[in-house]
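Undergrad: Quick one: sequence plus predicted model below, questions after.
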Amino acid sequence: MSRQGQIDLLKRLLHYVDTRTTAMADSPWRNEVSAYTCAERLAEEQRILFRKHPLVMGFASDWSEPGSFRTDDYAGLPILIVRGRDGILRAFLNVCRHRGAKVAEGCGKARLFSCPYHAWTYDLAGQLAGIPDERCFPDVRAERNSLVALPLCEKYGLVWVIPSADGTASFDIDPWLGGLADELASYGFASWSFYDRRVVPETMNWKIVVDTFNEGYHIGFLHRDSLRDVLHGNVNDFEAFGLNHRLTFPRKKLERLKSEPEDSWDLMWNTSIVYLLFPNTVLIAQGDHVELARVFPREGRTDLAVMDLGLYVPQAPKTAEERIHWDKNMQLVLDVVTGEDFPAGRSIQIGLTSGAQNSLVYGRNEPAMIHYHQSMRVALGLNAATAQ
(Lines give C-alpha, C1' and ligand atoms only; values in the text may rest on other atoms or scores of the structure.)
Protein backbone atom coordinates (compact mmCIF):
# COMPACT_ATOMS: atom_id res chain seq x y z
CA MET A 1 0.00 0.00 0.00
CA SER A 2 1.37 3.42 -0.91
CA ARG A 3 2.05 5.98 1.77
CA GLN A 4 -0.86 8.10 0.53
CA GLY A 5 -3.06 5.01 0.54
CA GLN A 6 -2.21 4.43 4.19
CA ILE A 7 -3.03 8.05 5.09
CA ASP A 8 -6.34 7.86 3.22
CA LEU A 9 -7.24 4.63 4.99
CA LEU A 10 -6.48 6.12 8.40
CA LYS A 11 -8.62 9.15 7.54
CA ARG A 12 -11.53 6.89 6.62
CA LEU A 13 -11.20 5.07 9.92
CA LEU A 14 -11.09 8.34 11.86
CA HIS A 15 -14.25 9.40 10.05
CA TYR A 16 -15.97 6.12 10.92
CA VAL A 17 -15.02 6.46 14.58
CA ASP A 18 -16.10 10.12 14.75
CA THR A 19 -19.43 9.49 13.04
CA ARG A 20 -20.06 6.07 14.61
CA THR A 21 -20.33 4.48 11.19
CA THR A 22 -18.44 1.76 9.33
CA ALA A 23 -17.90 0.39 5.84
CA MET A 24 -21.23 -0.80 4.48
CA ALA A 25 -22.44 -3.27 1.87
CA ASP A 26 -25.25 -2.13 -0.42
CA SER A 27 -27.78 -4.37 1.33
CA PRO A 28 -28.02 -7.33 3.70
CA TRP A 29 -27.47 -10.76 2.15
CA ARG A 30 -28.80 -14.18 3.04
CA ASN A 31 -26.76 -17.35 2.88
CA GLU A 32 -28.31 -20.79 3.04
CA VAL A 33 -27.67 -22.81 6.20
CA SER A 34 -26.76 -25.76 3.96
CA ALA A 35 -23.53 -23.95 3.02
CA TYR A 36 -22.31 -25.03 6.46
CA THR A 37 -24.13 -28.35 6.90
CA CYS A 38 -24.46 -30.07 3.52
CA ALA A 39 -22.06 -32.96 2.85
CA GLU A 40 -22.42 -32.54 -0.92
CA ARG A 41 -21.50 -28.87 -0.64
CA LEU A 42 -18.40 -29.77 1.39
CA ALA A 43 -17.39 -32.34 -1.22
CA GLU A 44 -17.55 -29.64 -3.91
CA GLU A 45 -15.49 -27.28 -1.74
CA GLN A 46 -12.84 -29.94 -1.31
CA ARG A 47 -12.85 -30.80 -5.00
CA ILE A 48 -12.60 -27.19 -6.22
CA LEU A 49 -11.35 -24.90 -3.46
CA PHE A 50 -8.81 -27.30 -1.96
CA ARG A 51 -7.58 -28.83 -5.20
CA LYS A 52 -7.81 -26.16 -7.91
CA HIS A 53 -7.04 -22.96 -5.98
CA PRO A 54 -3.65 -21.90 -4.61
CA LEU A 55 -3.40 -22.54 -0.88
CA VAL A 56 -1.02 -20.64 1.37
CA MET A 57 1.41 -23.09 2.95
CA GLY A 58 3.34 -20.63 5.10
CA PHE A 59 6.03 -17.97 5.04
CA ALA A 60 9.18 -18.62 3.04
CA SER A 61 11.09 -18.58 6.33
CA ASP A 62 9.50 -21.95 7.17
CA TRP A 63 12.01 -23.28 4.62
CA SER A 64 14.95 -21.05 5.48
CA GLU A 65 17.85 -23.07 4.02
CA PRO A 66 18.60 -25.95 1.66
CA GLY A 67 17.24 -29.18 3.09
CA SER A 68 14.48 -27.47 5.10
CA PHE A 69 11.28 -29.44 4.63
CA ARG A 70 7.74 -29.61 5.94
CA THR A 71 4.92 -32.04 5.31
CA ASP A 72 1.27 -31.01 5.19
CA ASP A 73 -1.84 -33.20 4.98
CA TYR A 74 -4.48 -30.56 5.72
CA ALA A 75 -5.78 -30.23 2.16
CA GLY A 76 -6.70 -33.91 2.14
CA LEU A 77 -3.65 -35.28 0.36
CA PRO A 78 -0.02 -35.66 1.50
CA ILE A 79 2.23 -32.77 0.48
CA LEU A 80 5.98 -32.41 0.94
CA ILE A 81 7.65 -29.02 0.50
CA VAL A 82 11.45 -28.82 0.51
CA ARG A 83 14.12 -26.31 -0.40
CA GLY A 84 16.66 -27.86 -2.75
CA ARG A 85 20.42 -27.54 -2.71
CA ASP A 86 19.96 -24.99 -5.51
CA GLY A 87 17.81 -22.82 -3.22
CA ILE A 88 14.62 -23.54 -5.15
CA LEU A 89 11.53 -24.41 -3.11
CA ARG A 90 9.56 -27.35 -4.52
CA ALA A 91 6.36 -29.18 -3.66
CA PHE A 92 5.62 -32.85 -4.21
CA LEU A 93 3.03 -35.41 -3.38
CA ASN A 94 4.51 -37.08 -0.31
CA VAL A 95 4.08 -40.47 -1.93
CA CYS A 96 6.79 -43.04 -2.69
CA ARG A 97 6.67 -44.16 -6.32
CA HIS A 98 7.06 -47.80 -5.23
CA ARG A 99 4.11 -48.63 -2.98
CA GLY A 100 2.74 -45.22 -2.03
CA ALA A 101 4.01 -44.77 1.52
CA LYS A 102 5.01 -41.32 2.76
CA VAL A 103 8.69 -40.56 2.29
CA ALA A 104 8.80 -37.88 5.03
CA GLU A 105 7.01 -36.97 8.24
CA GLY A 106 6.78 -33.69 10.14
CA CYS A 107 9.34 -31.01 9.46
CA GLY A 108 13.05 -30.43 9.82
CA LYS A 109 16.17 -30.60 7.70
CA ALA A 110 17.20 -33.47 5.45
CA ARG A 111 19.85 -34.47 2.92
CA LEU A 112 17.68 -37.17 1.33
CA PHE A 113 14.24 -38.68 1.80
CA SER A 114 14.11 -42.43 2.30
CA CYS A 115 10.82 -44.29 2.33
CA PRO A 116 10.61 -46.22 5.62
CA TYR A 117 8.89 -49.16 3.91
CA HIS A 118 11.51 -50.31 1.38
CA ALA A 119 14.08 -47.48 1.49
CA TRP A 120 13.52 -46.07 -1.96
CA THR A 121 15.43 -42.81 -1.73
CA TYR A 122 14.84 -39.35 -3.23
CA ASP A 123 17.05 -36.28 -3.32
CA LEU A 124 16.00 -32.75 -2.37
CA ALA A 125 14.83 -32.09 -5.95
CA GLY A 126 12.52 -35.11 -5.74
CA GLN A 127 14.62 -37.24 -8.06
CA LEU A 128 14.81 -40.97 -7.39
CA ALA A 129 18.29 -41.55 -5.99
CA GLY A 130 18.27 -45.22 -5.04
CA ILE A 131 16.30 -48.46 -5.24
CA PRO A 132 17.51 -51.31 -3.01
CA ASP A 133 18.11 -54.45 -5.10
CA GLU A 134 17.30 -52.50 -8.25
CA ARG A 135 17.86 -55.57 -10.45
CA CYS A 136 14.35 -56.65 -9.41
CA PHE A 137 12.89 -53.49 -10.94
CA PRO A 138 14.16 -53.42 -14.54
CA ASP A 139 13.20 -50.22 -16.41
CA VAL A 140 11.23 -48.87 -13.41
CA ARG A 141 13.63 -45.99 -12.75
CA ALA A 142 13.00 -44.58 -16.22
CA GLU A 143 9.26 -44.91 -15.74
CA ARG A 144 9.00 -43.15 -12.38
CA ASN A 145 12.23 -41.32 -11.73
CA SER A 146 10.93 -38.71 -9.29
CA LEU A 147 8.28 -37.77 -6.78
CA VAL A 148 5.19 -36.23 -8.38
CA ALA A 149 5.55 -32.43 -8.46
CA LEU A 150 2.84 -29.96 -7.45
CA PRO A 151 2.69 -26.35 -8.71
CA LEU A 152 4.33 -24.01 -6.18
CA CYS A 153 4.85 -20.26 -6.07
CA GLU A 154 7.23 -18.52 -3.66
CA LYS A 155 6.62 -14.78 -3.81
CA TYR A 156 6.35 -11.80 -1.45
CA GLY A 157 7.79 -13.98 1.32
CA LEU A 158 4.81 -16.35 1.14
CA VAL A 159 4.42 -19.83 -0.34
CA TRP A 160 1.40 -21.14 -2.23
CA VAL A 161 0.73 -24.63 -3.62
CA ILE A 162 -2.02 -25.82 -5.94
CA PRO A 163 -2.73 -29.36 -4.67
CA SER A 164 -3.25 -30.96 -8.09
CA ALA A 165 -0.53 -32.60 -10.14
CA ASP A 166 -0.84 -31.12 -13.62
CA GLY A 167 2.67 -31.72 -14.88
CA THR A 168 3.97 -28.31 -13.82
CA ALA A 169 6.16 -27.37 -10.88
CA SER A 170 5.50 -23.63 -10.65
CA PHE A 171 2.94 -20.89 -11.31
CA ASP A 172 2.50 -17.15 -10.76
CA ILE A 173 0.25 -16.15 -7.87
CA ASP A 174 -0.37 -12.58 -9.10
CA PRO A 175 -3.44 -13.34 -11.27
CA TRP A 176 -5.06 -14.94 -8.23
CA LEU A 177 -4.47 -11.94 -5.95
CA GLY A 178 -6.86 -9.51 -7.62
CA GLY A 179 -4.52 -6.53 -7.34
CA LEU A 180 -3.24 -7.32 -3.85
CA ALA A 181 0.30 -8.18 -5.01
CA ASP A 182 1.91 -4.77 -4.44
CA GLU A 183 0.40 -4.50 -1.00
CA LEU A 184 1.71 -7.90 0.07
CA ALA A 185 5.11 -7.03 -1.40
CA SER A 186 5.27 -3.85 0.69
CA TYR A 187 5.53 -5.82 3.96
CA GLY A 188 8.85 -7.39 3.04
CA PHE A 189 7.82 -10.77 4.45
CA ALA A 190 10.76 -12.48 2.71
CA SER A 191 13.00 -11.39 5.59
CA TRP A 192 10.56 -12.23 8.41
CA SER A 193 11.10 -15.18 10.78
CA PHE A 194 8.85 -17.95 11.97
CA TYR A 195 8.33 -17.88 15.74
CA ASP A 196 5.61 -20.28 16.87
CA ARG A 197 2.84 -22.53 15.55
CA ARG A 198 -0.26 -24.10 17.11
CA VAL A 199 -2.65 -26.59 15.57
CA VAL A 200 -6.23 -26.20 16.81
CA PRO A 201 -8.84 -28.85 15.91
CA GLU A 202 -12.44 -27.67 16.17
CA THR A 203 -16.00 -29.05 16.08
CA MET A 204 -17.52 -26.64 13.59
CA ASN A 205 -17.62 -26.09 9.84
CA TRP A 206 -14.34 -24.75 8.47
CA LYS A 207 -16.07 -21.63 7.12
CA ILE A 208 -17.33 -20.71 10.60
CA VAL A 209 -13.68 -20.64 11.67
CA VAL A 210 -12.88 -18.28 8.78
CA ASP A 211 -15.98 -16.18 9.51
CA THR A 212 -14.50 -15.45 12.94
CA PHE A 213 -12.11 -13.02 11.26
CA ASN A 214 -14.52 -11.54 8.69
CA GLU A 215 -16.37 -8.93 10.74
CA GLY A 216 -15.97 -6.58 13.70
CA TYR A 217 -19.66 -6.43 14.59
CA HIS A 218 -19.09 -8.90 17.45
CA ILE A 219 -16.03 -7.23 18.97
CA GLY A 220 -17.91 -4.95 21.36
CA PHE A 221 -20.04 -7.83 22.63
CA LEU A 222 -18.22 -11.17 22.53
CA HIS A 223 -14.86 -9.51 23.26
CA ARG A 224 -16.10 -6.74 25.54
CA ASP A 225 -13.72 -7.77 28.33
CA SER A 226 -10.67 -8.88 26.34
CA LEU A 227 -10.53 -6.30 23.54
CA ARG A 228 -12.58 -3.41 24.91
CA ASP A 229 -9.50 -1.26 25.46
CA VAL A 230 -7.81 -2.36 22.24
CA LEU A 231 -10.22 -2.20 19.29
CA HIS A 232 -13.34 -0.25 18.36
CA GLY A 233 -16.32 -2.53 17.93
CA ASN A 234 -18.46 -2.51 14.77
CA VAL A 235 -16.00 -0.21 12.94
CA ASN A 236 -13.86 -1.31 10.02
CA ASP A 237 -12.75 -0.42 6.52
CA PHE A 238 -13.29 -2.99 3.76
CA GLU A 239 -11.77 -3.44 0.32
CA ALA A 240 -12.13 -6.36 -2.08
CA PHE A 241 -9.30 -7.69 -4.25
CA GLY A 242 -10.93 -10.18 -6.57
CA LEU A 243 -11.91 -13.16 -4.41
CA ASN A 244 -9.66 -11.84 -1.62
CA HIS A 245 -10.27 -8.92 0.72
CA ARG A 246 -8.81 -6.66 3.37
CA LEU A 247 -10.51 -5.60 6.61
CA THR A 248 -8.89 -2.88 8.73
CA PHE A 249 -9.94 -2.42 12.34
CA PRO A 250 -9.06 0.80 14.21
CA ARG A 251 -7.35 0.55 17.55
CA LYS A 252 -8.62 2.70 20.39
CA LYS A 253 -5.47 4.82 20.24
CA LEU A 254 -6.31 5.90 16.68
CA GLU A 255 -7.83 9.21 17.82
CA ARG A 256 -4.47 10.52 18.97
CA LEU A 257 -3.50 10.88 15.31
CA LYS A 258 -5.68 13.99 15.14
CA SER A 259 -3.07 15.90 17.13
CA GLU A 260 -0.10 14.55 15.15
CA PRO A 261 1.20 15.57 11.70
CA GLU A 262 0.10 13.26 8.90
CA ASP A 263 3.66 12.46 7.92
CA SER A 264 4.08 10.72 11.29
CA TRP A 265 0.94 8.59 11.01
CA ASP A 266 1.62 4.85 11.18
CA LEU A 267 -0.96 2.41 9.82
CA MET A 268 0.38 -0.79 11.37
CA TRP A 269 0.56 0.52 14.93
CA ASN A 270 -2.91 2.07 14.92
CA THR A 271 -4.89 -0.76 13.34
CA SER A 272 -5.30 -4.49 13.01
CA ILE A 273 -5.26 -5.42 9.32
CA VAL A 274 -6.91 -8.67 8.29
CA TYR A 275 -6.36 -10.14 4.83
CA LEU A 276 -8.49 -12.99 3.58
CA LEU A 277 -6.40 -14.88 1.03
CA PHE A 278 -9.06 -16.95 -0.68
CA PRO A 279 -10.19 -19.57 0.02
CA ASN A 280 -8.99 -20.47 3.52
CA THR A 281 -6.17 -18.28 4.83
CA VAL A 282 -6.33 -15.30 7.17
CA LEU A 283 -3.24 -13.09 7.49
CA ILE A 284 -3.40 -10.58 10.33
CA ALA A 285 -0.90 -7.71 10.60
CA GLN A 286 -0.72 -6.72 14.26
CA GLY A 287 1.70 -3.81 14.53
CA ASP A 288 4.95 -5.64 15.20
CA HIS A 289 4.05 -9.19 14.14
CA VAL A 290 1.83 -11.22 11.82
CA GLU A 291 -0.50 -14.10 12.57
CA LEU A 292 -1.24 -16.59 9.79
CA ALA A 293 -4.30 -18.80 10.21
CA ARG A 294 -4.82 -21.56 7.65
CA VAL A 295 -8.19 -23.28 7.98
CA PHE A 296 -9.25 -26.65 6.57
CA PRO A 297 -12.16 -29.07 6.80
CA ARG A 298 -11.28 -32.19 8.76
CA GLU A 299 -12.07 -35.86 8.15
CA GLY A 300 -14.44 -34.96 5.33
CA ARG A 301 -17.08 -33.80 7.81
CA THR A 302 -19.11 -30.61 7.73
CA ASP A 303 -18.77 -30.14 11.50
CA LEU A 304 -15.02 -30.65 11.90
CA ALA A 305 -12.21 -28.23 11.08
CA VAL A 306 -8.60 -27.52 11.94
CA MET A 307 -6.76 -24.21 12.19
CA ASP A 308 -2.99 -24.11 11.69
CA LEU A 309 -1.93 -20.87 13.40
CA GLY A 310 1.55 -19.43 12.93
CA LEU A 311 3.14 -16.32 14.40
CA TYR A 312 5.84 -14.53 12.38
CA VAL A 313 8.11 -11.69 13.48
CA PRO A 314 10.38 -9.20 11.64
CA GLN A 315 13.51 -10.88 12.99
CA ALA A 316 14.29 -13.86 15.18
CA PRO A 317 14.33 -12.97 18.89
CA LYS A 318 17.74 -12.65 20.50
CA THR A 319 16.81 -12.07 24.14
CA ALA A 320 14.56 -13.64 26.74
CA GLU A 321 12.59 -10.40 26.88
CA GLU A 322 11.82 -10.61 23.17
CA ARG A 323 10.69 -14.22 23.52
CA ILE A 324 8.45 -13.32 26.45
CA HIS A 325 6.92 -10.55 24.32
CA TRP A 326 6.12 -12.88 21.42
CA ASP A 327 4.87 -15.62 23.76
CA LYS A 328 2.42 -13.13 25.26
CA ASN A 329 1.21 -12.17 21.79
CA MET A 330 0.61 -15.80 20.85
CA GLN A 331 -1.20 -16.42 24.11
CA LEU A 332 -3.40 -13.36 23.57
CA VAL A 333 -4.63 -14.55 20.18
CA LEU A 334 -5.24 -18.03 21.59
CA ASP A 335 -7.15 -16.60 24.56
CA VAL A 336 -9.37 -14.46 22.34
CA VAL A 337 -9.88 -16.76 19.36
CA THR A 338 -9.97 -20.19 20.99
CA GLY A 339 -11.32 -18.96 24.31
CA GLU A 340 -14.08 -16.65 23.05
CA ASP A 341 -14.66 -16.92 19.29
CA PHE A 342 -14.56 -20.68 18.95
CA PRO A 343 -17.02 -21.52 21.74
CA ALA A 344 -19.46 -19.19 19.94
CA GLY A 345 -18.65 -20.99 16.69
CA ARG A 346 -19.45 -24.37 18.21
CA SER A 347 -22.77 -22.96 19.34
CA ILE A 348 -23.44 -21.72 15.81
CA GLN A 349 -22.74 -25.16 14.36
CA ILE A 350 -25.28 -26.72 16.71
CA GLY A 351 -27.79 -23.98 15.89
CA LEU A 352 -27.39 -24.50 12.17
CA THR A 353 -28.33 -28.17 12.45
CA SER A 354 -31.38 -27.45 14.63
CA GLY A 355 -33.75 -26.64 11.79
CA ALA A 356 -34.57 -23.23 13.29
CA GLN A 357 -34.03 -21.48 9.94
CA ASN A 358 -33.03 -22.11 6.35
CA SER A 359 -30.77 -19.09 5.92
CA LEU A 360 -28.44 -16.74 7.77
CA VAL A 361 -28.48 -13.00 7.24
CA TYR A 362 -25.34 -10.88 7.02
CA GLY A 363 -25.91 -7.19 7.69
CA ARG A 364 -24.73 -4.18 5.69
CA ASN A 365 -22.09 -3.69 8.41
CA GLU A 366 -20.65 -7.12 7.51
CA PRO A 367 -19.41 -6.48 3.96
CA ALA A 368 -16.51 -8.92 4.21
CA MET A 369 -18.87 -11.74 5.19
CA ILE A 370 -21.01 -10.99 2.15
CA HIS A 371 -18.01 -10.71 -0.18
CA TYR A 372 -16.40 -13.91 1.11
CA HIS A 373 -19.46 -16.08 0.72
CA GLN A 374 -20.45 -14.59 -2.62
CA SER A 375 -16.86 -15.18 -3.80
CA MET A 376 -17.15 -18.77 -2.68
CA ARG A 377 -20.32 -19.21 -4.69
CA VAL A 378 -18.52 -17.78 -7.74
CA ALA A 379 -15.61 -20.19 -7.25
CA LEU A 380 -18.02 -23.11 -6.92
CA GLY A 381 -19.91 -22.14 -10.06
CA LEU A 382 -23.05 -21.03 -8.20
CA ASN A 383 -25.09 -17.85 -8.59
CA ALA A 384 -23.22 -15.25 -6.56
CA ALA A 385 -26.14 -12.93 -5.97
CA THR A 386 -28.67 -15.49 -4.79
CA ALA A 387 -28.50 -18.00 -1.98
CA GLN A 388 -31.55 -20.09 -1.22
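TA: Now that the structure is in, tell me what you want to look at. Numbers count the residues shown, from 1 in each chain.
Undergrad: Heading C-terminal from the longest strand seen in the chain, find the next helix or strand.
TA: Of all segments of type strand in the chain, defined using DSSP state E, the longest is strand 301-313. Moving toward the C-terminus from strand 301-313, the first helix or strand encountered (DSSP states H and E) is helix 320-336.
Undergrad: returning to what we had before: any idea of the angle the longest strand of the chain forms with helix 320-336?
TA: Taking axes from the mean of the first three to the mean of the last three Cα atoms, to 10 degrees, one finds that strand 301-313 is oriented at 160 degrees with respect to helix 320-336.
Undergrad: Partner strands of strand 301-313, with direction?
TA: Based on DSSP bridges, the strands next to strand 301-313 in the sheet, each with its direction, are strand 193-202 (antiparallel), strand 290-298 (antiparallel).
Undergrad: wait, which of these is closest to Glu40?
TA: Nearest of the strands paired with strand 301-313 to Glu40, taken as Cβ to Cβ: strand 290-298 at 13.3 Å. Where you see a C-beta, it was placed from the backbone N, CA and C, and this is true even at glycine.
Undergrad: quick one: average confidence on the closest one?
TA: When the per-residue pLDDT values of strand 290-298 are averaged, the result is 98.
Undergrad: Name the residues that touch it?
TA: Contacts of strand 290-298 from elsewhere in the structure, counted by Cβ atoms under 8 Å, 6 or more residues apart in numbering, are 42, 45-46, 50, 55-59, 74-76, 187, 189, 192, 201, 205-206, 209-210, 213, 280-284, 304-313, 333.
Undergrad: Drop anything exposed from the residues you listed.
TA: When burial is judged by neighbour count using 16 or more other Cβ atoms under 10 Å, the buried members of these are 42, 45-46, 50, 55-59, 74-76, 187, 189, 192, 205-206, 209-210, 213, 280-284, 304-313, 333.
Undergrad: residue ranges for the strands of the stretch 1-150 of the chain, please.
TA: Under the criterion DSSP state E, counting those that start in this stretch, the stretch 1-150 of the chain carries strands at the ranges 29-32, 55-59, 68-72, 79-83, 89-93, 107-109, 113-114, 121-122, 128-130, 149-150.
Undergrad: Mind checking the ones you listed for the one nearest to Trp265?
TA: strand 55-59 (27.2 Å).
Undergrad: Now do the contacts for the nearest residue to Gly87 once chain neighbours are set aside.
TA: The shortest distance from Gly87 to any non-neighbouring residue, by Cβ to Cβ, 6 or more residues apart in numbering, is to Pro66 (6.4 Å). Contacts here follow Cβ under 8 Å, 6+ apart; on that basis Pro66 touches 83-87, 124.
Undergrad: The closest residue to Pro317 other than its chain neighbours and Tyr195, how far apart?
TA: Closest residue in space to Pro317, ignoring its immediate chain neighbours: Arg323 at 4.8 Å, by Cβ to Cβ, 6+ apart. According to Cβ to Cβ, to the nearest Å, Arg323 stands 8 Å off from Tyr195.
Undergrad: Between the two, which is the more surrounded one?
TA: For the pair Arg323 and Tyr195, the greater number of neighbours falls to Tyr195 (20 against 14), based on other Cβ atoms under 10 Å.
Undergrad: Okay, helices next: where are they in this protein?
TA: In chain order, the chain shows helices spanning 3-19, 34-37, 39-52, 140-143, 174-177, 181-185, 206-211, 219-222, 267-270, 320-336, 342-352, 367-379, with DSSP state H as the criterion.
Undergrad: could I get those helices as CSV with distance to Ser114?
TA: As requested, the helices of the chain are exported to CSV (distance: least, Cβ to Cβ, whole Å):
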stretch, distance to Ser114
helix 3-19, 50
helix 34-37, 43
helix 39-52, 28
helix 140-143, 16
helix 174-177, 35
helix 181-185, 37
helix 206-211, 34
helix 219-222, 49
helix 267-270, 45
helix 320-336, 34
helix 342-352, 39
helix 367-379, 39
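Undergrad: and among the ones you listed, the most buried is which?
TA: Per residue and on average, the most neighbours among the helices of the chain fall to helix 206-211, with a mean of 24 (mean count of other Cβ atoms under 10 Å).
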